[in-house]
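[1] how does the following fold in three dimensions:
(one chain, ligands or ions: 1)
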Amino acid sequence: MTKVLELEKISKEFNNQKALDKVSFTLNKGEIVGLVGPNGAGKTTLMRIIVGLTKRYEGKVRFQGERSIGCVIETPSFYPYMTGFENLKYFAELNGVRDKQKVLKTAELLGLSDALKKKVKGYSLGMRQRLGIAQALLSDPELLILDEPTNGLDPTGIHELREYIKNIAKERNITVLISSHILSELEKLCNKAIIIKNGAIIDTIDLTKDKATAVSEVAIEVEDTLETSKVLRNNNITVKKLEDSKVYVDADKDFIPVIMELLVKNHIKFYSVKEEVKTLEDTFLDLMNENKIS
Ligand SMILES: Nc1ncnc2c1ncn2[C@@H]1O[C@H](COP(=O)(O)OP(=O)(O)OP(=O)(O)O)[C@@H](O)[C@H]1O
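    Prediction:
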């Protein structure tokens, strides 16, 4: 795989407070990678460092692409009384691009052909985001960095944007790094999600594997959670956690009869034994909470 970007131990402090703490990862050609973390995790800071907007930091950024890096960091601003086309043409000219066809084609790639004639002040947030991406694409980047592009969009807007980004990555064969604080919004789009919290990477999830999208567990509702977990553990069943009146076991529904038999045999009073399928988002939230404790 061809490496496009390599980050080595990137650290950044603001007023003696660590915003990033030795962040290292690699982006390969053609990958769409999600950078996911709660507010203040350090996503924007990292993206600003990658694109060169923040100059003072520790560590190394190695961009190995042959072309440029395009970015949309924070909500893009445009001239509201100019049309979408005029805005794009203006930015294109600033970058030495005078090819009208290129502007039109890029807008088409983002579903903006009809909107191009309209003034930007009438654009929805989703249209503005897409215009921002179109603008970033005009310089023919090899790597596209998008900071929370789904922020504030409704589910339809999120779905649309996701499809456009997929399309761009395929058509232009570019690498995309996209941030969000909601993992499920990126689940269907990215090959990989890098989970960041308090400035450090706490996990990397491979989203190409189907099994990563849903995890099953069995919740057993009982009177005595401690006694139940003791019985389960004595029978080599992994107890994941205890919560209120429930014991969670690492298993799927095929294992429910075995669990019930065991409970009956050991005179454990139970009210229900049910499979609960956890989404990737639940796993992500668990990860965030686990880290809070440590
Ligand atoms: N210019 C700055 N001056 C001082 N502190 C800053 C500055 N920029 C970021 N920070 C701090 O660095 C930390 C990381 O912020 P950053 O904006 O990178 O997080 P984020 O993950 O992008 O969050 P959000 O989802 O809210 O945009 C936060 O604690 C923030 O307050």
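[2] which residues are contacting the helix or strand containing Glu108?
    Using DSSP states H and E, Glu108 sits within helix 100-109. By CB atoms under 8 Å, 6 or more residues apart in numbering, the list of residues contacting helix 100-109 from outside reads 84-85, 88-89, 92, 97, 113, 115-116, 131, 134, 137-138, 164, 167-168, 171-172. C-beta: built from backbone N, CA, C; applies to glycine.
[3] which among those residues end up buried?
    Buried positions within the contacts of helix 100-109, assessed by neighbour count (16 or more other CB atoms under 10 Å), are 84-85, 88-89, 92, 97, 115-116, 131, 134, 137-138, 164, 168.
[4] pipe these into TSV and attach pLDDT, secondary structure and distance to Ile196 per row.
    As requested, those are arranged in TSV below (pLDDT from 0 to 100; DSSP: H, G, I helix; E, B strand; the rest coil; distance: CB to CB, whole Å):
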residue	pLDDT	secondary structure	distance to Ile196
Gly84	95	helix	33
Phe85	95	helix	37
Leu88	94	helix	32
Lys89	93	helix	37
Ala92	89	helix	33
Val97	80	coil	34
Ala115	94	helix	34
Leu116	94	helix	36
Leu131	93	helix	28
Ala134	92	helix	28
Leu137	90	helix	26
Leu138	89	coil	29
Tyr164	89	helix	25
Ile168	89	helix	24
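[5] show me the strands in the stretch 1-150 of the chain, by range?
    Listed from the start of the chain, the stretch 1-150 of the chain has strands (DSSP state E, counting those that start in this stretch) covering 3-14, 17-28, 32-36, 58-63, 69-72, 143-146.
[6] ok, and for the helix holding Glu108, which residues are buried?
    Counting neighbours by 16+ other CB under 10 Å, one finds that the buried residues in helix 100-109 are 103-104, 106-107, 109.
[7] so where's the protein uncertain?
    Along the chain, segments meeting pLDDT under 70 span 210-214, 290-294.
[8] can you list the residues of it near the ligand?
    Residues of the chain found near the ligand (CB under 6 Å from any ligand atom) are 14, 19, 37, 39-45, 181.
[9] in PyMOL, select just the buried ones from these.
    Buried members of those can be picked out in PyMOL with the line below, counting by 16+ other CB under 10 Å:
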select buried, resi 19+37+41+42+43+44+45+181
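[10] now, the residues of the chain next to the ligand that are in helices?
    Using DSSP state H, the members of the residues of the chain next to the ligand that fall within helices are 43-45.
[11] may I see these arranged in CSV, with distance to Lys3 as well?
    What follows is these, written out as CSV (distance: CB to CB, whole Å):
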residue, distance to Lys3
Lys43, 21
Thr44, 24
Thr45, 22
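[12] would you map the helices across the stretch 101-250 of the chain?
    Counting by DSSP state H, counting those that start in this stretch, the stretch 101-250 of the chain forms helices over residues 125-137, 155-172, 183-187, 225-234, given from the N-terminal end onward.
[13] I'd like to know which of those is closest to Lys29.
    Ranking those by their distance to Lys29 (criterion: CB to CB) puts helix 155-172 first, at 10.6 Å.
[14] which elements pack onto that closest one?
    Using 3 or more CB pairs under 8 Å, 6 or more residues apart in numbering; DSSP states H and E as the contact test, the elements touching helix 155-172 are strand 32-36, helix 100-109, helix 125-137, strand 143-146, strand 175-180.
[15] the residue nearest the centre of the chain: what's it in contact with?
    Compute the mean C-alpha point of the chain, and by CA atoms, centre = their mean the closest residue is Gly34, 3.5 Å away. In this structure, Gly34 makes contact with 178-180, 183, 186, 189-190, 192-194, 207, judged by CB under 8 Å, 6+ apart.
[16] how's the protein carved up into domains?
    3-210, 213-293 (automatic domain parsing).
[17] just these: most buried one?
    Among these, ranked by average contacts under mean count of other CB atoms under 10 Å, first place goes to domain 3-210 (a mean of 18).
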